[in-house]
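Visitor: Here is a sequence with its predicted model. Questions after.
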Amino acid sequence: MAALLEVRGLRAGFDTDTGYIEVLDGVSFELAAGETLGLVGESGCGKSVSALSVMNLLPQPAGKITAGSIGFQNRDLVTLPKEEFHDVRGNRISMIFQEPMTALNPVHRVGNQIIEAVKLHEPNLSSAIARRRALEMLERVGIPAPDQRLKEYPHQLSGGMRQRVMIAMALTMQPDLLIADEPTTALDVTIQAQILDLLREMQRESGMAILFITHDLGVIAELCDRVTVMYAGCVVEQATVTQLFSTPRHPYTQGLLRSIPRLDATPKQPLTTIPGTVPALIDMPAGCRFRNRCLNAEDDCELRSPDLIHAAGRQIACHHPVAEVMP
Amino acid sequence: MTSYFIRRLLLVIPTFLGITLLVFAVTRVVPGGPIERAMNEALLAQTDSAQMIDMNSVAGAALSEDQLAELRAYYGFDKPWHESYVIWLGRVMQLDLGMSTRYTEPVWDIIKNRFPISIFYGITTLILTYAVCIPLGIAKALRHNSVFDNATSAVVFFGYALPGYVVAIALLTALASAWEWFPLGGFVSDNFDQLSTLDQAIDILYHATLPLIAYLAGSFAVMTFMVKNSLMDNLSSDYVRTAIAKGMPFKRAVFRHALRNSLIPVATSFGQLISVIISGSFLIEKIFNIDGFGLLGFESLVERDYPVVMGILVISSLLFLVGNILSDICVAIVDPRVKFGENGS
Ligand SMILES: Nc1ncnc2c1ncn2[C@@H]1O[C@H](COP(=O)(O)OP(=O)(O)OP(=O)(O)O)[C@@H](O)[C@H]1O
Ligand SMILES: [Mg+2]
């Protein structure tokens, strides 16, 4: 499998008033062309920071990448000069965000914001053609009366419509990779399903790869080919969706899967949760970061942090993984 | 939108009535009105070197009851205050602001003479404030925490901390008195009428430089920081991130996306600023001997020249009310979300 995106040993963090805090501690994952990779993990584990690192969009000047590489189409995005990045962003890699309410500029018309995305990469295109492209895109993402919408401002659209506009904007240049950072979290369930359908359809049409970030394992099961599970700035397990859901090997993954409410469970039964809390970023324990909450933890977990190793078609970072059979 | 502005314009009427009614009532209540002034003058004329005796009894002697009644009728003090307010208002409707009790000239003529001066200083200050504060605020936001940012903050706050009249006196003593680079005061030179147009312009600027500096010294801080903070907020906003994610260079995203949103609070302040600036500052006008609204208003108040006080109030409250509507129009131009209550949304 020739990887389209190959993140290796990525370390990133922020300068704060109390000093530098590391958020990503050597994150690695890869994505083939046309594939959909899900990125899951608890809130604060560094999913957004990973995605923003790929786009070189970490909040400035606090955020920085300190080590690792991000291979994309024979370039290393970590060392890519700023000027060359303008050609990657929006053209080869696009991104949609969690909050469709704030991601569009309130004072510009929706149409102009899409046309702008086209013109940035094809400056010689006539305005009429750029406008037609924007119109087509709005049509493709299923916005009714698109020529009317083109003239409207973001506040005149619902959240679902705005997210469709964001998708239209992200896809106008037919990127090879779409990064979607919780694109449906802010939307209600029916709209959520529509947006997921739309993404799937767009992917079928254009053959782009998708990096899909979510907390929602249900969405992963529905949309993704493979999953990367993150915990406290590290990748703990990486496998195909089928492998991961049938036989989770990392104790954290197992805990995550157990905490999904199930229809066939006894009613009114409390949900299973993972005991304990994520250690604070400024005070990460040595060794495995999950060990204080882990049922399998032993003495050696404290000594050495586990490497991400390939094992039977998947990758896992654990000294004492769960046996292959689901208990 | 249009109907909103029509409603706003109609609202000017009750607000205007409220303001003038209040001040009119106050002029009736405070002691020392024009009648007392006339009595004092009569008293002084009669007993030049009189001992300090009970004012009222002597004044009563100085002016006969008939004369007093005549004076009261002249100033409208013979009727209850609300009646004279209605009479005054009726005259204002006919653009008649009455006679100044101090100059015995029509109030409108007195005000009219000050207009060009006040408008010149008002508009120039306004333009210079925006011309300096907006670019400065942008530059400071883009170089947040740099040497440039901190140095300009220090200068701007220094100007803010010094009262305008202190700056005025300092400038006058140093640049006009000691070094004689600038004139000591006034709006134009005595031979203004004989100068060519170009020289007239130069003459005005020559006279205006020091007062303008005094006016502006304190006015930069608020506006500059408003622009800077509001731009910084917008720079870290989601839609600027979206613009960069589309492939837009950061600098362009600043000007195309962040700037317009950060000018919304600036547009909001426009109306108040214009009325405050045109009303002027009597201290600075006094120091530089400029005959603007500020000085006129202050002197009229001290001299209890109520027709002039009310006249200035009419002009400045109208300016204020119209300025606020102008602000709203500016905001509506910059921000499409502002719909002013029409068909919801
Ligand atoms: N600008 C910043 N300055 C300092 N710390 C930050 C900043 N942005 C994020 N962090 C820290 O980085 C960590 C990871 O944040 P990130 O946004 O990647 O989490 P996430 O996995 O996307 O969570 P969520 O699911 O809630 O979106 C968090 O602990 C957060 O406190
Ligand atoms: Mg996130």
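Guide: Structure received. Ligands and ions are numbered 1, 2, ... in the order given.
Visitor: from the chain's centre, how far out does stretch A:307-317 sit?
Guide: 21 Å (C-alpha atoms, centre = their mean, to the nearest Å).
Visitor: next one: stretch B:240-247
Guide: 43 Å.
Visitor: Is that stretch positioned near chain A?
Guide: Yes: against chain A, stretch B:240-247 shows contacts by C-beta under 8 Å from any C-beta of the partner chain at B:Arg241, B:Thr242, B:Ala243, B:Ile244, B:Ala245, B:Lys246, B:Gly247. Every residue, glycine included, has its C-beta placed from N, CA and C.
Visitor: How about that stretch and ligand 1, any contact?
Guide: No: figure legend: stretch B:240-247 not in contact with ligand 1 (C-beta under 6 Å from any ligand atom); closest approach 11.9 Å.
Visitor: send the alpha carbons of that stretch over as CSV?
Guide: In CSV, the C-alpha atoms belonging to stretch B:240-247 read as follows (Å, rounded to 0.1, in the frame of the first residue of the first chain):
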residue,chain,number,x,y,z
VAL,B,240,-9.8,33.1,9.4
ARG,B,241,-8.6,29.6,9.9
THR,B,242,-11.1,28.5,7.2
ALA,B,243,-9.7,31.1,4.8
ILE,B,244,-6.1,29.9,5.4
ALA,B,245,-7.3,26.3,5.1
LYS,B,246,-8.6,27.2,1.6
GLY,B,247,-5.0,28.2,0.7
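Visitor: hang on, the earlier thing: now the residues of stretch B:240-247 next to chain A in JSON lines, with neighbour count, pLDDT and secondary structure?
Guide: Compiled in JSON lines, these are given as follows (neighbours: other C-beta atoms under 10 Å in any protein chain shown; pLDDT from 0 to 100; DSSP: H, G, I helix; E, B strand; the rest coil):
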{"residue": "B:Arg241", "neighbour count": "21", "pLDDT": "93", "secondary structure": "helix"}
{"residue": "B:Thr242", "neighbour count": "26", "pLDDT": "94", "secondary structure": "helix"}
{"residue": "B:Ala243", "neighbour count": "28", "pLDDT": "94", "secondary structure": "helix"}
{"residue": "B:Ile244", "neighbour count": "22", "pLDDT": "93", "secondary structure": "helix"}
{"residue": "B:Ala245", "neighbour count": "27", "pLDDT": "94", "secondary structure": "helix"}
{"residue": "B:Lys246", "neighbour count": "26", "pLDDT": "93", "secondary structure": "coil"}
{"residue": "B:Gly247", "neighbour count": "21", "pLDDT": "91", "secondary structure": "coil"}
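Visitor: right, and out of the residues you listed, which lies closest to A:Thr172?
Guide: The closest of those to A:Thr172 turns out to be B:Lys246 (C-beta to C-beta; 9.0 Å).
Visitor: Quick check: the gap between the closest residue to that closest one other than its chain neighbours and A:Ile179.
Guide: Here the nearest residue to B:Lys246 in space, its sequence neighbours aside, is A:Gly90; by C-beta to C-beta, 6 or more residues apart in numbering or on different chains that works out to 4.0 Å. Going from A:Gly90 to A:Ile179 by C-beta to C-beta, to the nearest Å gives 12 Å.
Visitor: likewise A:Leu4?
Guide: For A:Leu4, the distance to A:Ile179 - C-beta to C-beta - is 12 Å.
Visitor: So between the two, which is more surrounded?
Guide: Set A:Leu4 next to A:Ile179 and count neighbours by other C-beta atoms under 10 Å in any protein chain shown: A:Ile179 wins out with 28 against 21.
Visitor: So the more buried one lies in a strand, does it not?
Guide: Yes: using DSSP: H, G, I helix; E, B strand; the rest coil, the assignment for A:Ile179 is a strand.
Visitor: Please spell out which residues along the strand or helix carrying B:Phe158 are buried.
Guide: Using DSSP states H and E, B:Phe158 sits within helix B:147-161. Residues B:Asp149, B:Thr152, B:Val156, B:Gly159, B:Tyr160 are the ones in helix B:147-161 that count as buried (16 or more other C-beta atoms under 10 Å in any protein chain shown).
Visitor: Of those residues, just say which sits nearest to ligand 1.
Guide: Nearest to ligand 1 among the buried residues of helix B:147-161 is B:Asp149, at 20.3 Å by C-beta to the nearest ligand atom.
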